[in-house]
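Visitor: 3D, please:
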Amino acid sequence: MNIIEATRKALKEGVGIKNKNDITQNYLLPTNTRECYIVVPIGFAVGNNTKAVPRWNPKAEDILSNDWELYPHKTV
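Guide: The predicted structure follows:
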């Protein structure tokens, strides 16, 4: 699905999104805050040494891709 559809569904279901062709170990958490999309390391847990960071900066190919899917882990 495209990023618009994925974002709408993720916000409704309280989950993240991920491009299935992206090899990074991150997913995106869409928000309506000044943090925009938050980049969350897969396996992120409070208290470990990984950090979620705000404001994902997409490339044009990210926006144009139809390979977005919901990331099934519930947001915390």
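
Visitor: Longest strand in the chain, please.
Guide: In the chain, with assignment by DSSP state E, the single longest strand is strand 68-74.

Visitor: and that strand, which residues are buried?
Guide: By neighbour count on 16 or more other Cβ atoms under 10 Å, the buried set for strand 68-74 is Trp68, Leu70, Tyr71. Backbone N, C-alpha and C define where each C-beta goes, glycine included.

Visitor: Give me the helices and strands touching the longest helix seen in the chain, please.
Guide: In the chain, taking DSSP state H as the definition, the longest helix is helix 3-13. Helix 3-13 sits against strand 15-19, strand 26-30, strand 68-74, with contacts defined as 3 or more Cβ pairs under 8 Å, 6 or more residues apart in numbering; DSSP states H and E.

Visitor: quick one, which of those is nearest to Cys36?
Guide: Evaluated over those, closeness to Cys36 peaks at strand 26-30, with 8.1 Å, by Cβ to Cβ.

Visitor: any idea of the angle the closest one forms with strand 68-74?
Guide: 90 degrees (axes from the mean of the first three to the mean of the last three Cα atoms, to 10 degrees).

Visitor: Contacts for strand 26-30 next, please.
Guide: Outside of strand 26-30, the residues within contact range by Cβ atoms under 8 Å, 6 or more residues apart in numbering are 7, 10-11, 16-18, 37-42, 52, 56, 71, 73, 75.

Visitor: go again using 7 Å as the cut-off
Guide: 7, 10-11, 16-18, 37-42, 56, 71, 75 (Cβ atoms under 7 Å, 6 or more residues apart in numbering).
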